[in-house]
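*Asks:* The sequence isn't on hand, but the structure is:
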């Protein structure tokens with residue numbers, strides 16, 4: 001039998017092989033790449049001769065220019081369902097199967113909450129101050145009574161909403177398809193788009209990246225926000241216009 005060569009990409013902590021019984025695959029040879037491959041040409045060179053490539057999220061991109069230069073590739077696997085880094089049409093045209101695993105939603109929701117608490121309680125700053133020999137650096141801020149704005153009230157938006165309410169925050173939400181009924185069902189105040197940006201003390205982005213949401217938080221939206229507000233993006237980077245954010 002021909003040996004199937006499997007590449008596991010971007011496994012920075014070398015955890016993939018101990019996370020599943022890879023030994024049970026017969027006639028397979030598995031290679032782990034534990035550092036990031038930083039250009040299309042290097043990716044193509046490194047992955048010649050592999051029939052199967054397992055991607056770790058969206059760390060390495062697979063545009064048509066890469067897919068079309070990997071003649072042996074038969075199967076492209078990704079952790080999770082949505083992987084914007086893979087040109088699925090290019091893969092389909094070449095007869096390469098693209099598969100994704102099941103996914104769990106809670107890490108992004110929990111991470112958004114952790115960032116909100118870290119910001120309010122100044123945890124990163126105080127930690128750095130103490131470790132460099134200092135003492136208290138600033139006052140922390142109370143979350144109770146503050147306004148949490150949620151952009152997109154899907155599964156993750158609902159999660160952060162519940163936590164915000166548990167912290168006695170006032171929760172407001174806006175989404176392109178958010179109805180009054182859906183907001184009421186979550187105990188959230190539905191506001192219009194401008195109001196969401198104007199009133200939020202903490203604004204959490206919880207939308208899927210698509211043509212409609214790309215850059216939806218731009219210069220005019222950021223200009224509406226309070227100078228003291230915090231923007232938390234655990235969705236996808238390009239939902240927010242990075243140049244406008246830096247400005």
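*Replies:* Yep, that arrived. Being a predicted model, the structure only gives us computed values, none of them experimental.
*Asks:* what's the helix ranked longest in the chain packed up against?
*Replies:* For the chain, the helix that runs over the most residues, judged by DSSP state H, is helix 106-120. Applying 3 or more C-beta pairs under 8 Å, 6 or more residues apart in numbering; DSSP states H and E, one finds that helix 106-120 contacts helix 155-166, strand 202-205, strand 230-233. C-beta: built from backbone N, CA, C; applies to glycine.
*Asks:* winner for burial among those?
*Replies:* Across these, averaging neighbours per residue (mean count of other C-beta atoms under 10 Å) puts strand 202-205 on top, at a mean of 24.
*Asks:* For residue 97, grab phi and psi.
*Replies:* Backbone torsions of residue 97, given as degrees, to the nearest 10, read phi -80, psi 140.
*Asks:* Count the residues that sit near it.
*Replies:* Residue 97: 12 surrounding residues under other C-beta atoms under 10 Å.
*Asks:* hang on, residue 29 in a helix?
*Replies:* No. Using DSSP: H, G, I helix; E, B strand; the rest coil, the secondary structure at residue 29 is strand, not a helix.
*Asks:* which residues touch it?
*Replies:* Neighbouring residues of residue 29 by C-beta atoms under 8 Å, 6 or more residues apart in numbering: 3-6.
*Asks:* gap between it and residue 45?
*Replies:* Distance, residue 29 to residue 45, using C-beta to C-beta, to the nearest Å: 18 Å.
*Asks:* same question, residue 162
*Replies:* Counting by C-beta to C-beta, the gap from residue 162 to residue 45 is 48 Å.
*Asks:* about what we covered before: of the contacts of residue 29, which is the most crowded?
*Replies:* residue 6 (19 neighbours).
*Asks:* Would you check that that residue makes contact with residue 51?
*Replies:* Yes. Here residue 6 lies in contact with residue 51, judged by C-beta atoms under 8 Å, at a distance of 7.4 Å.
*Asks:* Show residues contacting whatever helix or strand residue 198 lives in.
*Replies:* Residue 198 belongs to helix 193-199 when elements are defined using DSSP states H and E. Contacts with helix 193-199, where a contact means C-beta under 8 Å, 6+ apart, come from 147, 149, 151, 172-174, 191, 203, 221-222, 224-226.
*Asks:* If we use 7 Å, what do you get?
*Replies:* Contact with helix 193-199 is made by 147, 149, 151, 172, 174, 191, 203, 221, 224-225, as judged by C-beta atoms under 7 Å, 6 or more residues apart in numbering.
*Asks:* Pull out the buried positions in it.
*Replies:* Residues 196-199 are the ones in helix 193-199 that count as buried (16 or more other C-beta atoms under 10 Å).
*Asks:* In the chain, what residue spans correspond to strands?
*Replies:* 4-8, 28-32, 52-55, 75-78, 97-100, 147-151, 170-174, 189-190, 202-205, 230-233 (DSSP state E).
*Asks:* Can you list the strands that the last one pairs with?
*Replies:* In this case it means strand 230-233. Paired neighbours of strand 230-233 in the sheet (DSSP bridges): strand 202-205 (parallel).
*Asks:* mean confidence score for the partner strand?
*Replies:* The average pLDDT within strand 202-205 is 96.
*Asks:* next one: it to chain centre, how far?
*Replies:* 14 Å (C-alpha atoms, centre = their mean, to the nearest Å).
*Asks:* OK, contacts around residue 235?
*Replies:* Counting by C-beta under 7 Å, 6+ apart, residue 235 touches 205-207, 209.
*Asks:* for the residues you listed, which one is nearest residue 100?
*Replies:* Nearest to residue 100 among the contacts of residue 235 is residue 209, at 15.5 Å by C-beta to C-beta.
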